[in-house]
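[1] would you be able to build a 3D model of this:
(one chain, ligands or ions: 2)
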Amino acid sequence: MAPTRSLQRKRTPPNPKPEYEFLGPPGAVGMLVVLPLITYGLYYNCRSGFGCIPAYWNSKDGYWPSINFSQPLSMPSDLWAFFRSTWDTDAMLVYSAFMVFLFVSYFVIPGNVVEGAVVGGVGGSPLTKDRSNYKLKYKVNALRTLMLIAAMICATIATVGVTPFLFLHDHFIGLITASLVWTFGVSIFVYVWSFIPDSNGQEKILACGGNTGNKIYDFVLGRELNPRFSASPDSTFDIKYFIELRPGLIGWVILNFGMACRQYQDLGRITNSMFAVLIFETFYVVDSLWNESAVLTTMDITTDGFGFMLANGLLTWLPMNYSLQARFLASFPVDMSLSHCLLVIGTQCVGYWIFRSANGQKDNFRRYGANAPQNKGLKYMETASGSKLLISGWWGTARHINYFGDWLMALAWSLPCGFSSPLPYFYPIYFAVLLIHRELRDEEKCHKKYGKDWDTYCEKVRWRIIPYVY
Ligand SMILES: NC(=O)C1=CN([C@@H]2O[C@H](COP(=O)(O)OP(=O)(O)OC[C@H]3O[C@@H](n4cnc5c(N)ncnc54)[C@H](OP(=O)(O)O)[C@@H]3O)[C@@H](O)[C@H]2O)C=CC1
Ligand SMILES: CC(C)=CCC[C@@H](C)[C@H]1CC=C2C3=C(CC[C@@]21C)[C@@]1(C)CC[C@H](O)C(C)(C)[C@@H]1CC3
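    Residues are numbered from 1 along each chain as shown. Ligands and ions are numbered 1, 2, ... in the order given. This is a model prediction of the structure:
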């Protein structure tokens, strides 16, 4: 049925009573400036030839090149001058080629098309107004893409050796800037795209949290819920889903590999600490891509809009900051003793066991229902919303026990760097803050959805993340 003229013109009004998160519009402005600066700061405070905090404090020059902190900053011209000083055309071309490769691979590499979980939002067309069962389709082929890249890397090493991969270490600052150009480009595109009606002339579905009417806040939090090339549930090129697992996670593995090549070139060998970081982090990425469809039940896909925050998280923050441990070890190699190795392996195994089995338990429960054979023996409670909540197994120990497992793994990836500098511990520290905040956001969401049933659930499952601690 063709949409009527009035429906074509109608625009979803901004939420009249916006509930701001992340400190509202000032927090959003802060994120635009501070998040990129943190990524640059992690680079400038930990690099070959200059040292890493605390050794770095003693070095005389090179601290934040081109910004003189002894004089008041004149924003934004100083920031712009700094940004330009980090520009590297080769790095821009490499990062862009990587993005284009991922884009083409998404279409060319075969993969199953799966249906996601129910996605929430506001606005939308009459066809989708009842979103109690609004589900979208997604193509699953990220792991195959990684396998293709791994084969290409092996072929390159076999023919020309590690030299081409040293680029990743040596042009790291240019790669950060290139990733930020992509971040801002994608964020501006999806923000503008969210105002353009779909091919049926229908209004886009907006995220509940990103439709406040405040332009900067909506730009940062993400206005549209699931930006895709066609608003039909069957179209599979969903920009948020494409970016969620590919550039960030695959880019992280490739950057780590580049750091290992630099260590090999400089030291003539790879240390056991570098091996540990490489193997565990690659394992985490392969596991995430193997379970690609599990991402469809995460908050990022079902609830949060796609804007600067998520685009920066996935295109810049994840690959550039999560590879800090490998970058640290490329410049400051560590040989672990046997007990050090056992500590790292033990922390990783316990963390992974909790993370994967807890996420798997919830995923099976949500996907196949309480009576499926996989879920036999698990206790659950009914709620007025119609959705059931697990109260035994992992989900009976703490309300976000999966976060604890994930955090333990983060710790296991920093421990190989030893204790000479706090900087490689940036990831577990930031991650603890992110998970605590994420838990509070999810708690709020569940409280709204389940009401009194959620209070009953909280009485049954008392702990938030770590049993008997928090
Ligand atoms: N490495 C990284 O940087 C990051 C990793 N992560 C990881 O991503 C994973 C997904 O995290 P996230 O999406 O935040 O949250 P969860 O996977 O924990 O999902 C939370 C949702 O699960 C449902 N739920 C809660 N309790 C129960 C229960 N008892 N029984 C059944 N369903 C329940 C609720 O949704 P509903 O009831 O509506 O279905 C709730 O909103 C985590 O393992 C996390 O560690 C997250 C952020 C960053
Ligand atoms: C304010 C700020 C620094 C925001 C950045 C946060 C992002 C880096 C993270 C938000 C949620 C994420 C998820 C993953 C990576 C980090 C970000 C983007 C994730 C893709 C990692 C792999 C996991 O298996 C996952 C798929 C469950 C996970 C989803 C959430």
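[2] name the SS class of the nearest residue to Val33 once chain neighbours are set aside, please.
    Leaving aside its chain neighbours, Val33 sits nearest to Leu79 (7.4 Å; criterion: C-beta to C-beta, 6 or more residues apart in numbering). Where you see a C-beta, it was placed from the backbone N, CA and C, and this is true even at glycine. Under the three-state scheme (DSSP: H, G, I helix; E, B strand; the rest coil), Leu79 adopts helix.
[3] then Lys139?
    Here Lys139 is strand, with the state taken from three-state DSSP.
[4] one more: the one 10 residues further on?
    Classification of Ile149 by three-state DSSP places it in helix.
[5] mind checking how far it is from Met259?
    16 Å (C-beta to C-beta, to the nearest Å).
[6] so which of the two has more stuff around it?
    Between Ile149 and Met259, counted using other C-beta atoms under 10 Å, the more crowded position is Met259 (26 against 18).
[7] ok, the helix or strand harbouring the more buried one near ligand 1 or not?
    Take DSSP states H and E as the rule and Met259 turns out to sit in helix 247-267. No. Using C-beta under 6 Å from any ligand atom, we find that helix 247-267 stays clear of ligand 1, coming within 9.0 Å at best.
[8] is ligand 2 within reach of the helix or strand following that helix?
    Following helix 247-267 in sequence order, the next helix or strand is helix 272-290 (DSSP H and E). Yes. Residues of helix 272-290 contacting ligand 2 under C-beta under 6 Å from any ligand atom: Ser288.
[9] before we move on, what about stretch 335-352?
    No. Contact of stretch 335-352 with ligand 2 is not found when judged by C-beta under 6 Å from any ligand atom; the minimum separation is 11.2 Å.
[10] indicate the residue of this structure located nearest to ligand 2.
    Closest to ligand 2 within the chain is Gly313: 2.9 Å, counting by C-beta to the nearest ligand atom.
[11] surely that residue meets Leu249?
    No. In this structure Gly313 lies outside contact range of Leu249 using C-beta atoms under 8 Å: 11.6 Å.
[12] these two: which is more packed in?
    Leu249 (23 against 18).
[13] I figured that one hits Leu289, correct?
    Yes. Assessed by C-beta under 8 Å, Leu249 is found in contact with Leu289 at 6.7 Å.
[14] contact residues of the stretch 251-400 of the chain facing ligand 2?
    288, 295, 298, 300, 309, 313-314, 317-318.
[15] would you point out the most distant pair within those?
    Taking C-beta to C-beta, the two most distant members of those are Ser288 and Met309; they sit 19.6 Å apart.
[16] and these two? which has more neighbours close in?
    A count of neighbours by other C-beta under 10 Å puts Met309 above the other of Ser288 and Met309, at 22 against 17.
[17] wait, isn't the more buried one in contact with Leu32?
    No. With contact defined as C-beta under 8 Å, Met309 does not reach Leu32; the gap is 9.4 Å.
[18] need the residues touching each of those two.
    Counting by C-beta atoms under 8 Å, 6 or more residues apart in numbering, the residues touching both Met309 and Leu32 are Val220.
[19] Phe50 - how many residues pack around it?
    Phe50 has 16 neighbouring residues, counting by other C-beta under 10 Å.
[20] quick check: it vs ligand 1, distance?
    Here Phe50 is placed at a distance of 28 Å from ligand 1 (C-beta to the nearest ligand atom, to the nearest Å).
[21] surely the residue nearest to Val33 meets Pro36?
    No. Using C-beta under 8 Å, Leu79 is not in contact with Pro36, being 9.1 Å away.
[22] the two - which one has more neighbours?
    Higher neighbour count among Leu79 and Pro36: Pro36, with 22 against 15, using other C-beta under 10 Å.
[23] does that one lie in a helix or a strand, and which?
    Short version, using DSSP H and E: Pro36 is in helix 24-44.
[24] from the stretch 151-300 of the chain, which residue is nearest to ligand 1?
    For the stretch 151-300 of the chain, C-beta to the nearest ligand atom, closest residue to ligand 1: Thr298, 3.3 Å.
[25] same for the helix holding Pro36, what does it pack against?
    helix 172-193, helix 215-221, helix 308-312 (3 or more C-beta pairs under 8 Å, 6 or more residues apart in numbering; DSSP states H and E).
[26] deepest of the ones you listed, which one?
    The highest mean neighbour count among the helices and strands packed on helix 24-44, using mean count of other C-beta atoms under 10 Å, belongs to helix 308-312: a mean of 24.
[27] pull the CA atoms of that one into CSV?
    Taking C-alpha atoms only, helix 308-312 is exported to CSV below (Å, rounded to 0.1, in the frame of the first residue of the first chain):
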residue,chain,number,x,y,z
PHE,A,308,29.4,9.2,17.4
MET,A,309,29.8,7.3,20.7
LEU,A,310,29.4,3.9,19.1
ALA,A,311,31.2,4.8,15.9
ASN,A,312,34.2,6.1,17.8
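[28] any residue of it touching ligand 1?
    No. Helix 308-312 lies out of reach of ligand 1 by C-beta under 6 Å from any ligand atom, never closer than 10.7 Å.
[29] start at 46 instead
    New numbering, starting at 46: the last item is helix 353-357.
[30] check the offset of that helix from the chain's centre.
    Taking C-alpha atoms, centre = their mean, to the nearest Å, the mean C-alpha location of helix 353-357 is offset from the chain mean by 9 Å.
[31] just after that helix, pick out the following helix or strand.
    helix 367.
[32] what does that following helix contact?
    297, 326, 472.
[33] switch to 10 Å and redo it
    With C-beta atoms under 10 Å, 6 or more residues apart in numbering as the contact definition, helix 367 has outside contacts at 293-294, 296-298, 300-301, 326, 329-330, 455, 458, 471-472, 475-476.
[34] what does stretch 500-510 give?
    Counting by C-beta under 10 Å, 6+ apart, 424, 426, 428, 434-437, 440-449, 452, 477, 480-481, 483-485, 487-488, 491-492, 495, 512-515 sit against stretch 500-510.
[35] buried among the residues you listed? Make that a PyMOL selection.
    Here is the PyMOL command that selects the buried residues among these (16 or more other C-beta atoms under 10 Å):
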select buried, resi 428+434+435+440+441+442+443+444+445+446+447+448+449+452+480+483+484+487+491+495
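[36] residues from the stretch 196-345 of the chain in reach of ligand 1?
    So the stretch 196-345 of the chain meets ligand 1 at 343-344 (C-beta under 6 Å from any ligand atom).
[37] whoops, I mixed them up, the stretch 346-495 of the chain
    Contact residues, the stretch 346-495 of the chain versus ligand 1 (C-beta under 6 Å from any ligand atom): 400, 404, 407, 410-411, 432, 434-435, 440, 444-445, 447-448, 451, 479, 483, 487, 490-491, 494.
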